[in-house]
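1. Predicted model and sequence follow; I will ask about them next.
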Amino acid sequence: MILHIDMDAFFASIEQAINPRLKGRPLIVGSRGNRMHTVVCAASYPAKALGIHSGMPSKDAFSVCPNLEFVAADQAKYIWTSEQIFELLKGYGFSLNYASVDEFQMDIQGYPEPLKLAGKIQEQIYANFNITASIGLAKNWLLAKLASKINKPNGVTLINDTNFKEALSQAPLSKLCGMAGKTGQILIARGLKTCWDLYLNLPEFFDENPGKFEEIAIGQELPKSISHSYTLPMASQNPRFITAWIRLLSEMVGERLRHQNLAAKTVHLWLNSPETGNFLGQRTFLRETNDSYEIYLRALKIMAGKPKKGHKIRALGVTASGLSRQTYLPLLIEEKRREVLVKAIDRINSRFGDSSIYPAQVILTRK
Ligand SMILES: [Mg+2]
């Protein structure tokens with residue numbers, strides 16, 4: 001049996017836990033600090049009750065509710081809390097998986113009292129973090145995730161053979177994982193309204209559906225690092241030329257990371273100068289990434305101040321290490337958009353050849 005834990009209005013709840021004045025208030029967490037020019041990335045339950053939801057421009061949210069409380073997103077805080085919850089859940093000794101920053105899946109196969117366990121987990125999360133979670137229980141992760149959404153907030157829902165039809169008939173199709181977007185819209189346009197309608201048309205979708213859980217949880221050997229380097233035909237001291245090369249190498253590293261579904265926390269930069277020899281710098285960041293542009297920005301941070309003016313560079317390299325299977329999904333709307341863009345570019349490049357689309361800056365390396 002799978003137990004799916006989904007934190008309720010996670011970012012908003014964390015903010016309310018920290019600042020009790022916000023408790024019970026309609027509150028939005030904005031992607032950015034500018035309250036009128038950002039996007040809602042989380043809404044508290046009183047805000048949700050007014051029709052405010054994530055993805056909405058904050059301006060619209062304020063026009064619905066001028067007294068709305070506003071907090072700018074603080075990702076480090078949310079990730080930290082998420083990691084603490086993960087540690088707490090690990091203590092139960094079951095196989096555990098990060099489904100997203102605020103969702104966790106536990107495989108509790110064979111455990112005799114799953115509902116009791118769910119209640120205990122809720123209590124412990126509340127006692128430790130002063131926030132609530134909704135928990136779904138079912139035979140596979142898809143149904144468990146659906147179950148977690150049925151009684152929100154602070155609910156526990158079990159879908160088993162006895163209530164299967166009832167639970168699915170009451171759940172709108174859009175609540176099912178994978179049905180919030182286009183696929184769901186097409187099916188809804190064809191007249192499928194509830195999850196039960198989908199079951200009648202496509203029952204195999206609901207039984208042992210390709211275990212996303214196993215897929216992520218299986219511990220395969222990860223490569224230690226991914227790296228690309230290049231020796232310039234002639235040593236150069238032109239900073240624009242050098243950064244263009246760093247950009248290109250970052251692109252190549254990022255593409256290989258994404259291809260293998262990996263992300264890196266540590267970026268290394270290697271510069272070789274005929275005058276001063278090797279410079280090797282590395283930095284580890286809080287969030288892993290496989291976005292080439294982000295890798296490039298991180299490499300630039302490492303480079304800051306090097307090479308000294310006038311020093312020539314002969315060879316350079318970018319390396320990503322601290323690799324993991326990507327566990328965090330993008331948190332903020334801007335990051336989600338960015339991910340869609342990166343994926344689209346990867347698709348175009350894999351279809352039409354590797355350099356069909358590349359950053360304009362890279363042109364400098366082709367002269
Ligand atoms: Mg949630």
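-> Looks like it arrived, so ask away.

2. Tell me the buried residues in the helix or strand residue 342 falls within?
-> Element membership for residue 342 (DSSP states H and E) is helix 333-352. Applying a neighbour-count criterion of 16 or more other CB atoms under 10 Å, the buried positions in helix 333-352 are 333, 335-336, 342, 345-346, 349. C-beta: built from backbone N, CA, C; applies to glycine.

3. and if you look at stretch 141-161?
-> Within stretch 141-161, the residues that count as buried by 16+ other CB under 10 Å are 141-150, 152-153, 155-159.

4. and if you look at stretch 100-107?
-> 101-107.

5. And these, which is closest to the ion?
-> Each of those was checked against the ion using CB to the ion; the closest is residue 102, at 4.3 Å.

6. where along the protein do the helices fall?
-> Along the chain, the segments classed as helices by DSSP state H run 10-18, 45-49, 58-64, 75-90, 114-129, 141-150, 164-170, 182-189, 195-201, 212-217, 239-259, 292-303, 333-352.

7. And these: which comes nearest the ion?
-> Per CB to the ion, nearest to the ion of the helices of the chain: helix 10-18, 5.1 Å.

8. which strands and helices sit next to that closest one?
-> Using 3 or more CB pairs under 8 Å, 6 or more residues apart in numbering; DSSP states H and E, the elements in contact with helix 10-18 are strand 27-30, strand 40-43, helix 75-90.

9. Specify the angle between that helix and helix 114-129 in degrees.
-> 50 degrees (axes from the mean of the first three to the mean of the last three CA atoms, to 10 degrees).

10. residues making contact with helix 10-18?
-> Helix 10-18 is contacted by residues 7, 22-25, 27-29, 41-44, 47, 71, 73, 77-78, 81-82, 101-102, 129-132, 331 when judged by CB atoms under 8 Å, 6 or more residues apart in numbering.

11. quick revisit: from the chain's centroid, how far away is the helix holding residue 342?
-> The chain centre lies 15 Å from the centre of helix 333-352; the measure is CA atoms, centre = their mean, to the nearest Å.

12. could I get it in PDB with only the CA atoms?
-> Output in PDB follows, covering the C-alpha atoms of helix 333-352 (Å, rounded to 0.1, in the frame of the first residue of the first chain):
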ATOM      1  CA  ILE A 333       5.900  29.900 -11.600                       C
ATOM      2  CA  GLU A 334       8.800  31.600 -13.300                       C
ATOM      3  CA  GLU A 335      10.900  28.400 -12.800                       C
ATOM      4  CA  LYS A 336       8.100  26.300 -14.100                       C
ATOM      5  CA  ARG A 337       7.900  28.400 -17.300                       C
ATOM      6  CA  ARG A 338      11.700  28.300 -17.600                       C
ATOM      7  CA  GLU A 339      11.600  24.500 -17.400                       C
ATOM      8  CA  VAL A 340       9.000  24.200 -20.100                       C
ATOM      9  CA  LEU A 341      11.200  26.400 -22.300                       C
ATOM     10  CA  VAL A 342      14.300  24.400 -21.700                       C
ATOM     11  CA  LYS A 343      12.400  21.200 -22.500                       C
ATOM     12  CA  ALA A 344      11.100  22.600 -25.700                       C
ATOM     13  CA  ILE A 345      14.600  23.700 -26.800                       C
ATOM     14  CA  ASP A 346      15.900  20.200 -26.000                       C
ATOM     15  CA  ARG A 347      13.200  18.600 -28.100                       C
ATOM     16  CA  ILE A 348      13.900  20.900 -31.000                       C
ATOM     17  CA  ASN A 349      17.600  20.300 -30.800                       C
ATOM     18  CA  SER A 350      17.200  16.500 -30.600                       C
ATOM     19  CA  ARG A 351      14.900  16.600 -33.600                       C
ATOM     20  CA  PHE A 352      16.700  19.000 -35.900                       C
END
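
13. pLDDT on that helix, on average?
-> Across helix 333-352, the average pLDDT comes to 84.

14. Give me the distance from stretch 132-152 to the chain's centre.
-> Stretch 132-152 sits 19 Å away from the centroid of its parent chain (CA atoms, centre = their mean).

15. Using the record's assignment, carve this protein into domains.
-> 1-159, 225-366 (automatic domain parsing).

16. so how far does stretch 255-267 reach from one end to the other?
-> 15 Å (CA to CA, to the nearest Å).

17. Just name the most buried of the domains of the chain.
-> Mean neighbour count (mean count of other CB atoms under 10 Å) peaks for domain 1-159 among these, with a mean of 18.

18. Check the gap between residue 347 and residue 341 for me.
-> Going from residue 347 to residue 341 by CB to CB, to the nearest Å gives 11 Å.
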